[in-house]
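>>> can't give you the sequence, but here's the structure:
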């Protein structure tokens, strides 16, 4: 790896850190703008009652009215940086603990959906692009366009009706069976409960990667080098093996890493439908219940994931493409 | 011999069909406002039949009327928000490409920032910031949808800047703003219109999502997201029609917007001359 | 090799046209090549000469069966005595019939050069042959491990010719193989094709450079606005009076040693093609008859598409 690439990665990391800080400022500003006072909104809630005096003081310090916003932000940032994310009003727990549990649940779901939709989307997109205008292409493209016109939460509802209510083969909600002790939950239980949400996320995730892979594949199929390969008698499979895959995998991987944001966004809706206790559902509850400390933390965590994905995408691109890896010489 | 319909005529056909469907929904929605509210317990929970093609709900409301009314509200909100977003995108794109390195840096930074927070989450944040309700939804959708179109416009303008007639205009001492408005805007207009139309479906999908989650309108305003979120509660009892038909209509609406944008794009695109 | 008296490739009345939208919703057919005729014998090197924009690249794509989907082709192609159908070319291209492409864009940017020449095969025989070819072209062996973007123009050219040499071709079609090369390199490239012809293959070189073509080719087919207007022996170009068509003579006069004279006017665009002889608007000898059908007829051991041969 050349030193110029190291430099680029360094630059990217600095940019990412600055962006995360900017996200936190933007999110904090939005919260400050909110007309709903979290303390007022949650007065009388059990959470407030169970908090120590110290914790309530801290809440007032960040989210109360007394101080100018800049100072409140700095105080919050200092605590956040040292790992103190505050206390969730809804869950009566430290935010970091809530996030750890919810993120764990969500990761399970999102990783499954991300891998599955990535592989299947790539294959479908490649097939469609190689057979442009033929039946396979029309079916795949039709599927993708329909799905990208369909809200994820509605697909989730349909799956729920079919598999949960009619066929009764898969559970309707929650990540573990109700009334079972945490220790009694088997891995299989978790999988069974994550299937429908993960399938929903995959179904919606496929279309993006498939459509982009298809476009890219069509460009490649129309390129002079594929034309030449055809003139040299290469079969369709050889063309895919020698040229198609090679040229399309880089952009596809980049796209899939950049699509983390979409999966995150989709999980908010899907987890809500399946009442799957993940980060997305927590975000909705936090938003509806004005649990600002939790909402702040979720925003920053998800931003970290998104920027991290972008960073990996950038690095990958450099590793895969020899023109960047070797540093293209000026001709 | 059968006359072959060529690609462009077909595109025009789809374009007209989509526009007709959407107009019908909007006009229908404004007439069905009253019908959508009528509750009648004598006809509650009827599954779809000839009289009530989409069935009725637990309050005996006609789901067809509610769906059309809800869709028309959603389309209106989506179109409003997307238009605001598109205008912002246009201005930011032009500014970014013509007003120097500094402006470009700021706009690209803003794009990265907005893209950094998952759409749905940012929508939630903005809705919370504006105290929920209609204002929050429109603001939220408007503030989250300008990024891709801004990038597109920026790219177009950067290309235009390399054109000779633009270079000459600069040489003649015309101001940046003058050149941008006089020489570039007319070239950008087609792209802008297509970009705008293609924002509608996104806007409507996100609008329905955020209202589904409960951040949008009150229950008296039956936006499509609210209808579906109410239907959620009755899913387990087997009232599938409450979710199925409004959803299908929503999907159709979104597809129509996509078709509209796509046909427009292809009709404008000079490369489609070779078919 | 069995003795085969029929020509390697014979093209009769080839025409290629594109379907395109006019204003609004009307589709029109644009003829890019009309009535193209040529014959290549075994061991013969034929140059198709025409200025850029005359549609000569499409000739190569037409023979190889790789025209874009909105193009349609008519006429007859006969390869070694049998019609060259779609199915037949699909079987023959890449081994008996090879094409040498025009520019770097015909090489996969992400595939190493060596692999690319061997079409990704790891066959030892092929590798040996590749090493021989590289040696012959004075290319270093490490170039096989490089990507196309790392090559110089001259190297790229040699790599593209190598893609033809790795096979055992009976028909080589080279599409503009010399632009961007120094005169010395260009001459060397043409000599490689000459060698292929001397080894018994039929070689068709498509070029805009008449001078260069005359040095190595046996026959020259002159191409103007999608029509073949003359087929002449290279030796005919020694004496202008041996040439048959006014445009060929104009080309001859444009060569520096022969006066460097150019004629006024430009090639007509396909949409504004004149009736009858495409060259008539620029021709000094045109008459009213030139607007009618012009036959492609045999004159002095060659062919010409002109009513008046001097």
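Perfect, I can see it now. Being a predicted model, the structure only gives us computed values, none of them experimental.

>>> Point out where chain B drops to low pLDDT.
Residues of chain B that meet the criterion pLDDT under 70 lie in B:1-5, B:219, B:270-275.

>>> The residue sitting nearest the centre point of it: which element?
Nearest residue to the geometric centre of chain B (CA atoms, centre = their mean): residue B:200, 1.5 Å. Assigned by DSSP states H and E, residue B:200 belongs to helix B:185-212.

>>> From the contact counts, what lies against the helix or strand following that helix?
Where DSSP H and E defines the elements, the next helix or strand beyond helix B:185-212 is helix B:224-235. Where contact means 3 or more CB pairs under 8 Å, 6 or more residues apart in numbering or on different chains; DSSP states H and E, helix B:224-235 is packed against helix A:152-159, helix B:63-98, helix B:185-212, helix B:241-268. In short, each C-beta sits where N, CA and C put it, glycine included.

>>> Export those helices as a markdown table, with columns for distance to chain C.
Below are the helices and strands packed on helix B:224-235 laid out as a markdown table (distance: least, CB to the nearest CB, whole Å):
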| stretch | distance to chain C |
| --- | --- |
| helix A:152-159 | 35 |
| helix B:63-98 | 28 |
| helix B:185-212 | 16 |
| helix B:241-268 | 10 |
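
>>> Can you lay out the ones you listed as CSV showing distance to residue A:238?
Converted to CSV, the helices and strands packed on helix B:224-235 look like this (distance: least, CB to CB, whole Å):
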stretch, distance to residue A:238
helix A:152-159, 38
helix B:63-98, 43
helix B:185-212, 37
helix B:241-268, 32
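
>>> wait, what's in contact with the closest residue to residue C:178 other than its chain neighbours?
Closest residue to residue C:178 apart from its sequence neighbours, by CB to CB, 6 or more residues apart in numbering or on different chains: residue C:186 at 4.0 Å. By CB atoms under 8 Å, 6 or more residues apart in numbering or on different chains, the contact list for residue C:186 reads C:178, C:209, C:212.

>>> Filter those down to the ones in helices?
Residues from those lying in helices, with DSSP state H as the criterion: residue C:212.

>>> Could you list the buried residues of stretch C:182-195?
C:186, C:188, C:189, C:190, C:192, C:193, C:194 (16 or more other CB atoms under 10 Å in any protein chain shown).

>>> can you list those residues in a markdown table and add pLDDT and secondary structure?
As requested, these are exported to a markdown table (pLDDT from 0 to 100; DSSP: H, G, I helix; E, B strand; the rest coil):
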| residue | pLDDT | secondary structure |
| --- | --- | --- |
| C:186 | 83 | helix |
| C:188 | 82 | helix |
| C:189 | 82 | helix |
| C:190 | 87 | helix |
| C:192 | 84 | helix |
| C:193 | 88 | helix |
| C:194 | 90 | helix |
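
>>> Tally up the residues packed near residue A:222, please.
By other CB atoms under 10 Å in any protein chain shown, 12 other residues sit near residue A:222.

>>> And it, how far from residue A:216?
Per CB to CB, to the nearest Å, residue A:222 is found 11 Å from residue A:216.

>>> Residue C:214 contacts residue C:233, correct?
No - the criterion here is CB atoms under 8 Å, and residue C:214 misses it with residue C:233 at 10.4 Å.

>>> joint contacts of those two?
By CB under 8 Å, 6+ apart, residue C:214 and residue C:233 have these common neighbours: residue C:220.

>>> okay, the two: which has more neighbours?
The residue with more neighbours, out of residue C:214 and residue C:233, is residue C:214; 18 against 15, by other CB under 10 Å.

>>> could you give the mean pLDDT of the helix or strand hosting the more buried one?
Using DSSP H and E, residue C:214 sits in helix C:210-216. The average of the pLDDT scores along helix C:210-216 is 89.

>>> Quick check: next helix or strand after that helix?
Next in sequence after helix C:210-216, counting helices and strands by DSSP H and E, comes strand C:219-224.

>>> Measure how far that next one is from the centre of its chain, please.
9 Å (CA atoms, centre = their mean, to the nearest Å).

>>> Now name the helix or strand holding the residue most central in space within chain A.
For chain A, residue A:264 is the residue whose C-alpha lies nearest the centre (CA atoms, centre = their mean; 2.8 Å). Using DSSP H and E, residue A:264 sits within helix A:260-273.

>>> ok, then the element right after that helix?
Scanning forward in sequence from helix A:260-273 by DSSP H and E, the next helix or strand is helix A:279-288.

>>> Give me the distance from the helix or strand following that following helix to the chain's centre.
Downstream of helix A:279-288, the next assigned helix or strand under DSSP H and E is helix A:292-320. The chain centre lies 9 Å from the centre of helix A:292-320; the measure is CA atoms, centre = their mean.

>>> what do you get for stretch A:141-160?
Offset of stretch A:141-160 from its chain centre (CA atoms, centre = their mean): 18 Å.

>>> do the same with stretch C:284-295
How far stretch C:284-295 lies from its chain's middle: 27 Å, per CA atoms, centre = their mean.

>>> ok, now stretch C:149-160?
Stretch C:149-160 sits 20 Å away from the centroid of its parent chain (CA atoms, centre = their mean).

>>> How about it, which residues are buried there?
Going by neighbour count (16+ other CB under 10 Å), the buried part of stretch C:149-160 is C:149, C:150, C:151, C:154, C:155, C:156, C:157, C:158, C:159, C:160.

>>> ok, and which of those reach chain A?
Counting by CB under 8 Å from any CB of the partner chain, C:149, C:150 from the buried residues of stretch C:149-160 sit close to chain A.

>>> what's the farthest-apart pair in the buried residues of stretch C:149-160?
For the buried residues of stretch C:149-160, the farthest-apart pair by CB to CB is C:149 and C:158; their separation is 16.0 Å.

>>> Quick check: next helix or strand after the helix or strand hosting residue A:57?
If you go by DSSP H and E, residue A:57 is part of helix A:53-63. Moving toward the C-terminus from helix A:53-63, the next helix or strand (DSSP H and E) is helix A:69-81.

>>> on contacts alone, who are the packing partners of that next one?
Other helices and strands packing on helix A:69-81, by 3+ CB pairs under 8 Å, 6+ apart, are helix A:3-33, helix A:53-63, helix A:292-320.

>>> ok, now with 7 Å
Counting by 3 or more CB pairs under 7 Å, 6 or more residues apart in numbering or on different chains; DSSP states H and E, the packing neighbours recorded for helix A:69-81 are helix A:3-33, helix A:53-63.
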